[in-house]
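*Asks:* Just the structure for this:
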Amino acid sequence: MTHDEIVEFFNRQQEYWRTRDAEGLARGHAPDGVIISPIFRTVTGASAILSSYRSLFEIFPDWDYRAEDLLIDGDRAAEPFHATATHVGEFMGFQGHGRKFEIQGVRLFEMHGGRIAHERRYYDFTGLLIQLGVLKSKPMA
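*Replies:* Have a look, this model is predicted:
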């Protein structure tokens, strides 16, 4: 893919994030694609990837994903992001309780054949769990 094709691809993906379109997001992944995520661990294959997006939007139905400037090097890309959401569905055995969270992170991609072949997500998962009340933190003395 050219630089411009990658930019166009991720612009379309941003629209799918905006509308919380699990099918649209999943179509952007290769049939044997892989996502490595703190929430879902390792997800492999089209069906599992679609399921992970559906689950994300069931747990956090107001998920708001804001991509920042895309960094591209050949068939690799990095996308810093900011996300906010409200915990509504069951997550890690905890029922939704309406707590909101905010995270910042980066997603790393390898593109092949016009789709995402491999994606790795990085963000402060412990901070997310603290914001949701799943983990407790102690103030520093």
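*Asks:* Show me what the longest strand that the chain contains is packed up against.
*Replies:* Criterion DSSP state E: the longest strand present in the chain is strand 100-112. Strand 100-112 sits against strand 76-86, strand 115-123, helix 125-132, with contacts defined as 3 or more CB pairs under 8 Å, 6 or more residues apart in numbering; DSSP states H and E. For glycine as for every other residue, the C-beta is placed from the backbone atoms N, C-alpha and C.
*Asks:* Backbone dihedrals for the residue nearest to F91 when sequence neighbours are not counted, both of them.
*Replies:* In space, and not counting its chain neighbours, F91 is closest to I59: 4.9 Å by CB to CB, 6 or more residues apart in numbering. With angles defined as degrees, to the nearest 10, I59 sits at phi -70, psi -40.
*Asks:* now I59: how far from G74?
*Replies:* 34 Å (CB to CB, to the nearest Å).
*Asks:* These two: who's more crowded?
*Replies:* Comparing I59 with G74 by other CB atoms under 10 Å, the one with more neighbours is I59, at 19 against 10.
*Asks:* Surely the more buried one and M92 touch.
*Replies:* No: look at I59 against M92 with CB atoms under 8 Å: they stay out of range, at 9.4 Å.
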